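S.K.: my questions are about this predicted structure, shown below with the sequence.
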There are 2 protein chains.
Amino acid sequence: MDALAHIRRFNRAVTRQVGALNSSFLDRGRPLGSARVLNAIGRGQGDVAKLRQALALDSGLMSRLLRGLESEGLIVVEDDPEDGRRRIARLTEAGQAEFAEYERLSDAQAADILSRHPDQTALLAAMDLIATALTRAEIEIVPCDPLDPRARDCLQHYYAELAARFEGGFDVNLSKDPEADDMRPPRGTFLLALSDGVPVGCAALKGGADYAEVKRVWIAPAARGLGLARQLMEAIEAAARDLGQLHLRLDTNSALPEAVAMYHRFGWDEIDRFNDDPYPDRFFEKRLNP
Amino acid sequence: MDALAHIRRFNRAVTRQVGALNSSFLDRGRPLGSARVLNAIGRGQGDVAKLRQALALDSGLMSRLLRGLESEGLIVVEDDPEDGRRRIARLTEAGQAEFAEYERLSDAQAADILSRHPDQTALLAAMDLIATALTRAEIEIVPCDPLDPRARDCLQHYYAELAARFEGGFDVNLSKDPEADDMRPPRGTFLLALSDGVPVGCAALKGGADYAEVKRVWIAPAARGLGLARQLMEAIEAAARDLGQLHLRLDTNSALPEAVAMYHRFGWDEIDRFNDDPYPDRFFEKRLNP
DNA sequence: GATTATTTCTGATATTAGTCAGATATCCTT
DNA sequence: AAGGATATCTGACTAATATCAGAAATAATC
């Protein structure tokens, strides 16, 4: 049985699924085009130009769809204060209610899919893997507060993975957990890799007097092998330069050979132990050009 | 991060994917409706009534789409000899060529998706898991020749799994490999579980003089937990009844505890060793009512 | 054999989606 | 300040999709 047969089967299965979702959307009595626009606006895509690009719509069609939603009282379209040519759409109260109904429909469908498999964790992992593969070009790296729930989410996965891979386990309380303030501007930063809003990786820069430390570099299993680590490390270095931190250090562990190999590959120099944290046994530094 | 966010992301990713596939289909200069009908016919859905149901089309629209394809010379629509009201569509030679082109387009896209992830095995496994979950209601169990490539495919997976799970490995040549003839009517049968044409499980009945043996019960990892084993075992028992084999036996191994538990659960009685095959160490039998 | 149901087909019509050309207002660059 | 680029909007048009009503042929049922 060749691989293509499996992909064809997958394509047919999800095509049906998408068709079912679309027709359930039509049950709300609005053509699919309008529904798509309404949902995109509800999801924060208010900028009409971006909206048009995201939905690949002709400007004429877009304009008419907006007029339609406007006359239904679901949206208002206002001039962009920063650019008189552009316009920005936002939901009215009625529009928000309608958007919430679409979200409810979509969530009900999602719950239904989830209920179709006994191993929901495996199903979610499979979905993540596929969604990441399909949207790999669109992973964006954004700064984020280290206490943001999405950041906490990444860190929990990170700690859990360390606990699983270190022989003696891992207790974050025994490690030198950086203060959140050290990972916020102007001292440092915390970066999140987002794929369609879902966090799939993180990395932190912890500011210090003599040097800055790179911490908490983690990539979701579903997103490994896509070159995301390089993107994150480059973003961290760029952030360090912006903050005037040109002397970087980090520590890691031999139990994470792919991390050790990665730092070597990315031009880090291995150095002697520079702290007394009980977990790391490998230490690196890198000096940046201004 | 809750599960629904992950599913929504998956939905968006595959919706885009489906959209891309659809628009690549449009590159062949035929509206999507016609293309869908042509493909359904090519995949064996010739019966116009079933076609209409499968694609959820109005009878008027269906009729016009068929006329369109007919006037393009891609299909011929003939009366159903068994029911004068019904009609049956089939591809002409030109239609088959056109259908093959669509398959090629779809395969090219499939190959492209596959190339987007470094771990293609994991990606395929994830696709299988999802496709199986989405189409679980539509798994069909069909008899099949034991030498059919799809059967060989299942058996290879089966042997590989035994090799991985038995302490000393597994060599099919040391085991009593049933002759293919014993697993064909009228002596026995070989059943395949198909999900949209892809084999996701198998089971064999090997005919014998005193009793028939159930062999080669295997479920693809992606399809486990869906109750497929019960379906297969019930189908095997039904086949045994049809063949007049009311005394069934099987052997298995303690290294496969879920199999042992399953046979107990399905009403099999554990008995003493009844053969000298080196691999099994657990033996079962079941007597069927006629 | 009459009645009812089913299947397909045709005609009429409506809605949705997609395309193109040009008008207008604004922004950007020089 | 002028010219070119960009964003939106409107009008005119085409194609595709969807819906409805009824005709014709056949099957199923009583």
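M.R.: Looks like it came in fine.

S.K.: packing partners for the lowest-mean-pLDDT helix or strand in chain A?
M.R.: Among the helical and strand segments of chain A, the one scoring lowest on mean pLDDT, DSSP states H and E is helix A:3-26, with a mean of 82. In terms of contacts (3 or more CB pairs under 8 Å, 6 or more residues apart in numbering or on different chains; DSSP states H and E), helix A:3-26 is packed against helix A:32-42, helix A:93-115, helix B:3-26, helix B:93-115, helix B:120-134, strand B:198-206. Where C-beta positions appear, they are placed from N, C-alpha and C, glycine not excepted.

S.K.: right, and those - which one's nearest DNA strand C?
M.R.: With CB to the nearest atom of the strand as the criterion, DNA strand C lies closest to helix A:32-42 of the helices and strands packed on helix A:3-26, at 3.1 Å.

S.K.: could you say what helices and strands the helix or strand just after that closest one packs with?
M.R.: Scanning forward in sequence from helix A:32-42 by DSSP states H and E, the next helix or strand is helix A:48-55. The helices and strands touching helix A:48-55, judged by 3+ CB pairs under 8 Å, 6+ apart, are helix A:32-42, helix A:59-71, strand A:83-91.

S.K.: the shortest one vs helix A:93-115, what angle?
M.R.: In this case it means strand A:83-91. In this structure, strand A:83-91 runs at an angle of 60 degrees to helix A:93-115, with axes from the mean of the first three to the mean of the last three CA atoms, to 10 degrees as the basis.

S.K.: got the angle between strand A:83-91 and helix A:32-42?
M.R.: Relative orientation of strand A:83-91 versus helix A:32-42 (the same axes, to 10 degrees): 100 degrees.

S.K.: just the buried positions in strand A:83-91, please.
M.R.: A:87-89, A:91 (16 or more other CB atoms under 10 Å in any protein chain shown).

S.K.: re the thing from before, now the angle between helix A:120-134 and the least confident helix or strand of chain A, please.
M.R.: Going by the same axes, to 10 degrees, helix A:3-26 makes 100 degrees with helix A:120-134.

S.K.: which residues sit against helix A:3-26?
M.R.: A:32, A:35, A:102, A:105-106, A:109, A:113, B:11, B:14-15, B:17-18, B:21, B:56, B:106-107, B:109-111, B:113-114, B:120, B:124, B:127-128, B:130-131, B:134-135, B:195-198 (CB atoms under 8 Å, 6 or more residues apart in numbering or on different chains).

S.K.: among those residues, which are within reach of DNA strand C?
M.R.: A:Leu32 (CB under 7 Å from any atom of the strand).

S.K.: filter the contacts of helix A:3-26 down to the buried ones, PyMOL style.
M.R.: Only the buried entries of these go into this PyMOL selection, using 16+ other CB under 10 Å:
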select buried, (chain A and resi 35+102+105+106+109+113) or (chain B and resi 11+14+15+17+18+21+106+107+109+110+113+114+124+127+128+130+131+134+135+195+196+198)
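
S.K.: quick revisit: the helices and strands packed on helix A:3-26: which one's closest to A:Asp242?
M.R.: Within the helices and strands packed on helix A:3-26, the stretch nearest A:Asp242 is helix B:3-26; the backing value is 29.8 Å (CB to CB).

S.K.: about what we covered before: could I get the helices and strands packed on helix A:48-55 as TSV with mean pLDDT?
M.R.: TSV is the format used below for the helices and strands packed on helix A:48-55 (pLDDT from 0 to 100):
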stretch	mean pLDDT
helix A:32-42	92
helix A:59-71	93
strand A:83-91	90
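
S.K.: so which of these is nearest B:Trp268?
M.R.: Of all the helices and strands packed on helix A:48-55, helix A:32-42 comes closest under CB to CB, at 52.2 Å.

S.K.: check which residues of that closest one are buried.
M.R.: For helix A:32-42, by 16+ other CB under 10 Å, it's A:34-42.

S.K.: between that helix and helix A:48-55, how big is the angle?
M.R.: Relative orientation of helix A:32-42 with respect to helix A:48-55: 120 degrees, computed using the same axes, to 10 degrees.

S.K.: so does helix A:32-42 get close to chain B?
M.R.: No - taking CB under 8 Å from any CB of the partner chain as the criterion, helix A:32-42 and chain B are apart, separated by no less than 9.6 Å.

S.K.: hmm, who's touching that helix?
M.R.: Under the contact criterion CB under 8 Å, 6+ apart, helix A:32-42 has outside partners A:22, A:25-26, A:28, A:30, A:51, A:54-55, A:57, A:61-62, A:65-66, A:68-69, A:74-75, A:89-91, A:95-96, A:98-99, A:102-103.

S.K.: buried residues in stretch A:243-262?
M.R.: Neighbour counts over stretch A:243-262 (16+ other CB under 10 Å) mark A:243, A:245, A:248-253, A:255-256, A:259-260, A:262 as buried.

S.K.: which one of those residues is nearest to DNA strand D?
M.R.: Within the buried residues of stretch A:243-262, proximity to DNA strand D (CB to the nearest atom of the strand) peaks at A:Leu243, which comes in at 32.1 Å.

S.K.: so who does the closest one touch?
M.R.: Going by CB under 8 Å, 6+ apart, A:Leu243 touches A:185-189, A:205, A:207, A:212.

S.K.: which of those has the most neighbours?
M.R.: Each of the contacts of A:Leu243 was scored by neighbour count (other CB atoms under 10 Å in any protein chain shown); the top score is that of A:Leu205, with 29 neighbours.

S.K.: show me what that one is bridged to.
M.R.: A:Leu205 has the following beta-bridge partners by DSSP bridges: A:Thr189, A:Val214.
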